[in-house]
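Participant: Here is a sequence together with a model predicted from it:
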Amino acid sequence: MRKFCTNLLILLFIGCFGVNAQSGLPLVYEVENTGAGCEVPPLPSPSHLTNNPMLPDPFAWSDGSGRVETFDQWACRRNEIKKEIEHYEIGLKPDRPELISATLNGTTLTVEITENGETLVLTSSVVIPAGDGPFPVVIGMNTGVGSLPAELFEGVIQIPFMHNQVVTSSHQGVRDDDAPYFKLYPNLKHVGYYSAWSWGISRLIDGIEMVQWQLKADTKRIAVSGCSYAGKMALFAGAFDERIALTIAHESGGGGVNAWRVAETLGNVEKLGNTNYSWFMQSLKTNFDGRVGTLPYDHHELMAMIAPRALLVLGNPPWTWLGDEAGYVASRAVEQVYKAFDIPDRFGFVFKSAPNHCVLHQNSFPIVQAFIDKFLFGDESAETEVRLHDFPNVDYQKWIREWMVP
């Protein structure tokens with residue numbers, strides 16, 4: 001039975017958020033970044049980074065001073081990972097501007113963000129279920145539910161994030177320096193679009209919070225969903241905004257859930273040297289192509305930023321370009337983080353054949369539904385500790401053996 005979780009806990013900062021009765025750890029937070037006040041050590045220039053061919057330890061402090069020993073320290077460690085990814089890969093995600101307004105006119109949500117004398121407008125055509133609510137929310141990349149079947153989100157408010165309203169996607173890597181986002185932030189024209197898009201999704205969430213009573217929205221139950229390059233978009237959004245309770249990264253491939261280091265060992269797959277460099281900073285390729293082992297992090301840590309919130313990874317191994325073996329290894333690595341916090345049921349992955357790219361296999365419907373039921377409707381009986389894959393002979397432990405025991 002679907003139900004709404006009303007447990008509240010004060011932890012790490014002044015604010016309330018849902019918690020799981022069994023683990024006692026938050027399911028979601030009320031702020032974008034709980035570690036915003038943490039001190040971050042200096043980030044070395046790429047030429048001063050040490051090569052590490054294996055996946056870095058997500059629990060190790062960036063300055064080499066030791067490892068995270070308690071959950072209370074995770075907010076600051078998570079913030080360190082965020083700063084590294086911004087610094088070396090996608091560029092700065094700006095803080096929330098002071099001037100934001102939102103209106104709901106019928107089923108049209110409009111959010112206006114003003115910065116440096118310029119205004120960016122986000123508009124979304126919203127689907128609101130019948131009834132009194134409050135209802136959970138799914139933000140889909142480009143459509144209300146991303147690439148997932150809409151019937152899985154019965155009883156959920158569907159709100160599309162139309163990313164071209166921030167910057168226009170180019171699969172040819174052509175950059176649009178005149179995009180609305182760069183009018184607000186002319187000094188950030190070098191950033192990767194995943195920085196700009198994750199900022200836009202956070203501003204859409206700001207707007208949802210402002211009109212939540214009109215929307216009949218439960219802002220403690222927000223999910224994001226997308227596939228392919230939009231699966232990367234959903235992943236970065238979930239990692240960089242802790243107000244998102246459930247992240248569904250569907251066939252995100254290279255630059256998404258895949259570990260850059262592992263992808264480098266595979267064949268014709270998306271990897272650091274051949275990905276789209278409108279999505280990422282050009283300096284990522286300049287500094288790390290051919291020396292990916294010097295990156296002080298990898299994408300298992302991008303995924304780990306979502307913990308203790310819920311994450312579901314969906315792959316499709318027959319689609320070679322996705323490089324799902326690298327996603328599988330990264331998923332096994334992030335599994336250790338969820339195990340360390342004793343919340344393995346908040347993470348799941350499926351790397352099984354699907355009918356087509358971004359087409360969910362019928363067998364995966366119950367798995368996605370279980371994550372929706374548990375983390376958007378509070379159904380604790382839903383089975384979400386899912387580990388399904390087509391990689392029985394892949395030795396993922398060699399990539400994490402030195403740190404895998406928490």
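Facilitator: Alright, I've got the coordinates.

Participant: strand partners of the lengthiest strand in the chain, parallel vs antiparallel please.
Facilitator: Of all the elements of type strand in the chain, the one with the most residues (DSSP state E) is strand 217-227. Looking at strand 217-227 with DSSP bridges, its partner strands are strand 135-141 (parallel), strand 246-250 (parallel).

Participant: now the ones you listed in TSV, with mean pLDDT, distance to Arg332 and mean neighbour count?
Facilitator: Every residue, glycine included, has its C-beta placed from N, CA and C. Shown next, in TSV, are the strands paired with strand 217-227 (pLDDT from 0 to 100; distance: least, CB to CB, whole Å; neighbours: other CB atoms under 10 Å):
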stretch	mean pLDDT	distance to Arg332	mean neighbour count
strand 135-141	98	26	26
strand 246-250	98	15	30
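
Participant: sorry, back to before: what packs against the helix or strand following the longest strand of the chain?
Facilitator: Per DSSP states H and E, the first helix or strand lying C-terminal to strand 217-227 is helix 229-240. Using 3 or more CB pairs under 8 Å, 6 or more residues apart in numbering; DSSP states H and E as the contact test, the elements touching helix 229-240 are strand 135-141, helix 193-210, strand 217-227, strand 246-250, helix 299-304.

Participant: Out of the strands paired with strand 217-227, flag the one nearest Ala75.
Facilitator: Across the strands paired with strand 217-227, Ala75 has its closest neighbour in strand 246-250 (17.7 Å, CB to CB).

Participant: before we move on, back to that, now the helices and strands packed on helix 229-240 in a markdown table, with distance to Arg67?
Facilitator: What follows is the helices and strands packed on helix 229-240, written out as a markdown table (distance: least, CB to CB, whole Å):
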| stretch | distance to Arg67 |
| --- | --- |
| strand 135-141 | 34 |
| helix 193-210 | 27 |
| strand 217-227 | 30 |
| strand 246-250 | 25 |
| helix 299-304 | 13 |
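
Participant: Show me the one of those that comes nearest Gln165.
Facilitator: helix 193-210 (7.2 Å).

Participant: What helices and strands are in contact with that closest one?
Facilitator: Using 3+ CB pairs under 8 Å, 6+ apart, helix 193-210 is in contact with strand 99-105, strand 108-115, strand 118-125, strand 135-141, strand 157-161, helix 180-184, strand 217-227, helix 229-240.

Participant: from the ones you listed, which stretch is densest packed?
Facilitator: Most buried of these, by mean neighbour count (mean count of other CB atoms under 10 Å): helix 229-240, with a mean of 28.

Participant: roughly how far out does that one sit from the chain middle?
Facilitator: 4 Å (CA atoms, centre = their mean, to the nearest Å).

Participant: between it and strand 217-227, how many degrees?
Facilitator: 140 degrees (axes from the mean of the first three to the mean of the last three CA atoms, to 10 degrees).

Participant: For Leu314, grab the count of nearby residues.
Facilitator: Leu314 has 29 neighbours, counted by other CB atoms under 10 Å.

Participant: Could you list the low-pLDDT ranges of this structure?
Facilitator: 1-23, 404-406 (pLDDT under 70).

Participant: which residues touch the closest residue to Thr103 other than its chain neighbours?
Facilitator: Using CB to CB, 6 or more residues apart in numbering and skipping the chain neighbours, the partner closest in space to Thr103 is Thr110 (5.1 Å). Residues in contact with Thr110 (CB atoms under 8 Å, 6 or more residues apart in numbering) are Ala102, Thr103, Leu104, Val121, Leu122, Thr123, Gly207.

Participant: Kindly provide the distance from the nearest residue to the fourth one once chain neighbours are set aside to Cys38.
Facilitator: Read it as Val121. Spatial nearest neighbour of Val121, excluding adjacent residues (CB to CB, 6+ apart): Glu112 at 5.4 Å. With distances taken as CB to CB, to the nearest Å, Glu112 is found 31 Å from Cys38.

Participant: quick one, which of the helices and strands packed on helix 229-240 is nearest to Ala370?
Facilitator: strand 246-250 (11.2 Å).
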